[in-house]
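> 3D, please:
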Amino acid sequence: MLDTLLPILIFSALALAVIGAVRRIRLWRQGRPARVDLLRGLAAMPRRYLVDLHHVVARDKVMSNTHVATAGGFVAAAVLMILVHGLGLGSSERMGPILGGLLLLASAAMFVGSLFVAKRRRNPPARLSKGPWMRLPKSLMAFSVSVFLLTLPTLGILPAGTGSVILALALVAVLVWGLGEMFFGMTWGGPMKHAFAGALHLAFHRRPERFSTKGGEGNRSTGLKALNLDDAKAPLGVETPSDFTWNQLLGFDACVQCGRCEAMCPAFAAGQPLNPKKLIQDMVVGMAGGSDAHYAGSPYPGKPVGEHAGTPHGPIVAREGTALVDAETLWSCTTCRACVEECPMMIEHVDAIVDMRRFLTLEHGNTPGKGAEVLDNLIATDNPGGFDPGSRMHWAADLNLPLIRDLGQVDVLLWLGDGVFDMRNQRTLRALVKVLRAAGVDFAVLGNEERDSGDVARRLGDEATFQSLAKRNIATLSQYRFQCIVTCDPHSFHVLKNEYGELGGPDFNANWEVRHHSTYIAELFEAGRLHFAPWKGGRVTYHDPCYLGRYNGEYEAPRNVLKALGIEVKEMERSGFRSRCCGGGGGAPITDIPGKQRIPDMRMNDVKETGAELVAVGCPQCTAMLEGVVDATAEVRDIAELVADALVERHAGSGGGSDSTRAPQSVAGARPEMKEVTS
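Alright, predicted model coming up:
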């Protein structure tokens, strides 16, 4: 009886899974076209799954091993089950024992993994979705146990006629339960949906350059994609779920609802109305049509589940009636990329949020807070504060900074950024100038030719203003020759390095590099061009800027500089790629969406827990946000300021000294004296 019944059940489940897959693919194909290499993507998918995905999953060793046992056991068991029980190869005298034995091992591994899944679900952390996910351990056990027991007779371990018909039918019923969850649910919806959608998402990812190859690691792909503003038919951002590209919709469907993004999101922690996991699930709801009433995870803070609904071709942010997503949810994002960094399925949350912001800004002019004022200022004065463009260099009247237009060619172009209009950041810039001069660097500035980099315009969704600023900056930069651009602003660093190239043609950035000032200072020290007095201050911690760390992978250079100063950094619990955002990115201080607490307050609490008296930073926005905390217990100082304060000049004891602008030198055989370098 089982020899007849099992193949029917297995292939029926497979047929239903195929029907569900076709249905799911139709939902994805509602999205706009996207250029994807289908064959190459499918060929690369196994590596992306086994290497890149598991690189993220492996941050939690227990869950990584659990996933290997459960997912690996299931894939192997499913294939072997089809061969042994579906195609009848288990009865083969030659192959039967081998295939049957492998099937027993695979189903046993899956069962062991399901035990750990059950343990995790016994008292799950708040970030995990509940509801249907709570039945997953039982479904995994049902599949693995039934397959294991049904395979024993094929190896002669149990006689084929062992037990009653009722017992056999009960065992088949358990298998049907397991097949339903594993095969049917994988494509029709349910906890296992992520397995099907996730595999294809890895194959057809919108940023394939993120993934590693056999030749080495993948690239850090973090630059936003440009809109084609010359195409009158191209949508200006995303109004409806169907305005996303089809592989973006596929990516939303790949969400495993693990809540890692939720746990890392600074806006969610601050009680602002954003939960990146809920946002992705709302996109899935909109893609299929319906409401969020069945969502079983943490809601947006202050917004109960059941209030949001949408359709594939209906507006995501509705001006009237029920919306799929509220506008303030989108404006709460600081674009820190903590969600993207943590996502094991490598979903691009920030891309989606900015796409939706673009529509609100470009089509509706709906930018909250001071957003409209800032964008108007950028259009009128090329800077977000609305300052007279001719006053850009007033802060440096006494520094006699060389202008590149007077020289034509230098080694380093110092990109000042719009911190030139802020008195606090002017201190950082003056310190950086002092450091460059002490190292004898051949540098110059653009002066009044420099415009805002466009970062804040792009993050606020005003792609038109960003592209206007970027193209004018590119035209200016192209007039001069230099080896690299150095800036103390990670936001300018990021757009110059990663986003201008798409607008400047294939040759842009080909003739120079863009460096953050911490990286360049570290290089100067390694080259022996900077010398420091021993650190005599107190305990120091370091805050990683999002746009330097998560966006550009630079974590070591700032710490190397602090180490060179003799500082032993007391790391915060959330540092490196898990650093907590200061709250200053993505235009968040401009849109100013209220929450239960402020993000910079939380970050300074992180600083307080280390006992540090000083927090070193490498970003003007981080400086402004953290210094704005009224009850802070630590001083905030930029790395350039710490370096400038520690500078000493090494020179021959009998040689008639040199001033602070000359490159430090030492004479062979002479014992160098040390003296402080003054500005």
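> which positions within stretch 531-545 qualify as buried?
His531, Phe532, Trp535, Val540, Thr541, Tyr542, His543, Asp544, Pro545 (16 or more other C-beta atoms under 10 Å). Backbone N, C-alpha and C define where each C-beta goes, glycine included.
> how close does the last one sit to Asn605?
Read it as Pro545. Computed as C-beta to C-beta, to the nearest Å, the Pro545 to Asn605 distance reads 18 Å.
> now the first one
Between His531 and Asn605 the distance, using C-beta to C-beta, works out to 36 Å.
> go on, Ile599?
11 Å.
> looking at those two, which is more packed in?
Ranked by neighbour count (other C-beta atoms under 10 Å), Ile599 and Asn605 place Ile599 first, with 24 against 16.
> surely the more buried one and Phe268 touch.
No. Using C-beta atoms under 8 Å, Ile599 makes no contact with Phe268, being 10.4 Å away.
> re earlier: right, and out of the buried residues of stretch 531-545, which lies closest to Gly178?
Asp544 (44.8 Å; C-beta to C-beta).
> the closest one: what's it in contact with?
Each residue near Asp544 by C-beta atoms under 8 Å, 6 or more residues apart in numbering is listed here: Arg550, Tyr555, Pro558, Ser575, Gly576, Ser579.
> could you rerun that using 7 Å?
Listed by C-beta atoms under 7 Å, 6 or more residues apart in numbering, the contact partners of Asp544 are Tyr555, Ser575, Gly576, Ser579.
> what is the neighbour count of the last one?
Right, Ser579. Ser579, neighbours per other C-beta under 10 Å, totals 26.
> surely Cys546 touches Gly584?
No. Contact between Cys546 and Gly584 fails when scored by C-beta atoms under 7 Å: they sit 8.9 Å apart.
> so the closest residue to Ile599 other than its chain neighbours versus Glu262, what's the distance?
Distance criterion C-beta to C-beta, 6 or more residues apart in numbering; nearest residue to Ile599, sequence neighbours excluded, is Gly583 at 3.0 Å. Using C-beta to C-beta, Gly583 is found at 17 Å from Glu262.
> can you check Glu502 too?
31 Å.
> those two: which has the busier surroundings?
A direct count of neighbours by other C-beta under 10 Å for Glu502 and Glu262 places Glu262 higher, at 24 against 15.
> so that one: helix, strand or coil?
helix (DSSP: H, G, I helix; E, B strand; the rest coil).
> surely it and Ser298 touch.
Yes. Using C-beta under 7 Å, Glu262 is in contact with Ser298, at 6.0 Å.
> what touches both of those two?
Jointly contacting Glu262 and Ser298 under the rule C-beta under 7 Å, 6+ apart are Arg127, Asn275.
> could you list the residues in contact with stretch 220-238?
Against stretch 220-238 from outside (C-beta under 7 Å, 6+ apart): 207, 209-210, 243-244, 316, 337, 351, 354-356, 358-359, 362-363, 458, 461, 463-464, 467, 498-499, 502-503, 551-553.
> show only the entries of those residues found in strands.
With DSSP state E as the criterion, strands contain none of the contacts of stretch 220-238.
> just the buried members of those?
By 16+ other C-beta under 10 Å, these give 207, 210, 243-244, 316, 337, 351, 354-356, 358-359, 362, 458, 461, 463-464, 467, 498-499, 551-552 as buried.
> sorry, back to before: looking at the contacts of Asp544, state which has the most neighbours.
Counting by other C-beta under 10 Å, top hit in the contacts of Asp544: Ser579 with 26 neighbours.
> for that one, give me its contacts.
The contact partners of Ser579, taken as C-beta under 7 Å, 6+ apart, are His543, Asp544, Gly549.
> mind redoing it with 6 Å?
Asp544, Gly549 (C-beta atoms under 6 Å, 6 or more residues apart in numbering).
> can you check Val51 too?
Shown in contact with Val51 (C-beta under 6 Å, 6+ apart): Ser212.
> how close does the nearest residue to Cys255 once chain neighbours are set aside get to Asp351?
Setting aside the residues directly before and after it, Cys255 is nearest to Ile280 in space (C-beta to C-beta, 6+ apart), at 4.7 Å. From Ile280 across to Asp351, the span is 12 Å (C-beta to C-beta).
> now swap in Thr245 and tell me
10 Å.
> ditto for Cys581
With C-beta to C-beta as the criterion, Cys581 and Asp351 are 17 Å apart.
> next: Ala109.
Distance from Ala109 to Asp351, by C-beta to C-beta: 36 Å.
> so Phe204 touches Val36, yeah?
Yes. Under the criterion of C-beta atoms under 6 Å, Phe204 makes contact with Val36 at 4.8 Å.
> what about Asn473, distance to Asp382?
9 Å.
> Asp406 too?
Using C-beta to C-beta, Asp406 is found at 21 Å from Asp382.
> what does Val514 give?
Distance of Val514 to Asp382, given as C-beta to C-beta: 20 Å.
> repeat for Glu568
Computed as C-beta to C-beta, the Glu568 to Asp382 distance reads 42 Å.
> of these two, which one has the most company?
Applying other C-beta under 10 Å to Glu568 and Asp382 shows that Asp382 carries more neighbours, namely 22 against 9.
> any idea how far the more buried one lies from Trp415?
Asp382 is 14 Å from Trp415, by C-beta to C-beta.
> and Ser91, by the same measure?
Using C-beta to C-beta, one gets 73 Å for the distance from Ser91 to Trp415.
> and those two? which has more neighbours close in?
Between Ser91 and Trp415, Trp415 has the larger neighbour count (other C-beta under 10 Å), namely 22 against 12.
> okay, the closest residue to the more buried one other than its chain neighbours and Leu432: tell me how far apart.
Counting by C-beta to C-beta, 6+ apart, Trp415 lies nearest to Thr487, which is 3.9 Å off, once chain neighbours are set aside. Distance, Thr487 to Leu432, using C-beta to C-beta: 9 Å.
> go on, Arg637?
13 Å.
> the two: which is more packed in?
Leu432 (25 against 20).
> just the C-alpha atoms of the helix or strand where that one lies, please, in PDB.
Secondary-structure assignment from DSSP states H and E places Leu432 in helix 423-438. What follows is helix 423-438, C-alpha atoms only, in PDB (Å, rounded to 0.1, in the frame of the first residue of the first chain):
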ATOM      1  CA  MET A 423      31.400  77.000  13.900                       C
ATOM      2  CA  ARG A 424      31.900  73.600  15.600                       C
ATOM      3  CA  ASN A 425      33.000  71.800  12.400                       C
ATOM      4  CA  GLN A 426      35.300  74.700  11.500                       C
ATOM      5  CA  ARG A 427      37.400  73.600  14.500                       C
ATOM      6  CA  THR A 428      37.700  70.200  12.900                       C
ATOM      7  CA  LEU A 429      38.700  71.600   9.600                       C
ATOM      8  CA  ARG A 430      41.300  73.900  11.100                       C
ATOM      9  CA  ALA A 431      42.700  70.900  12.900                       C
ATOM     10  CA  LEU A 432      42.900  68.900   9.700                       C
ATOM     11  CA  VAL A 433      44.600  71.700   7.900                       C
ATOM     12  CA  LYS A 434      47.200  71.800  10.700                       C
ATOM     13  CA  VAL A 435      47.800  68.100  10.300                       C
ATOM     14  CA  LEU A 436      48.200  68.200   6.500                       C
ATOM     15  CA  ARG A 437      50.700  71.100   6.800                       C
ATOM     16  CA  ALA A 438      52.600  69.300   9.500                       C
END
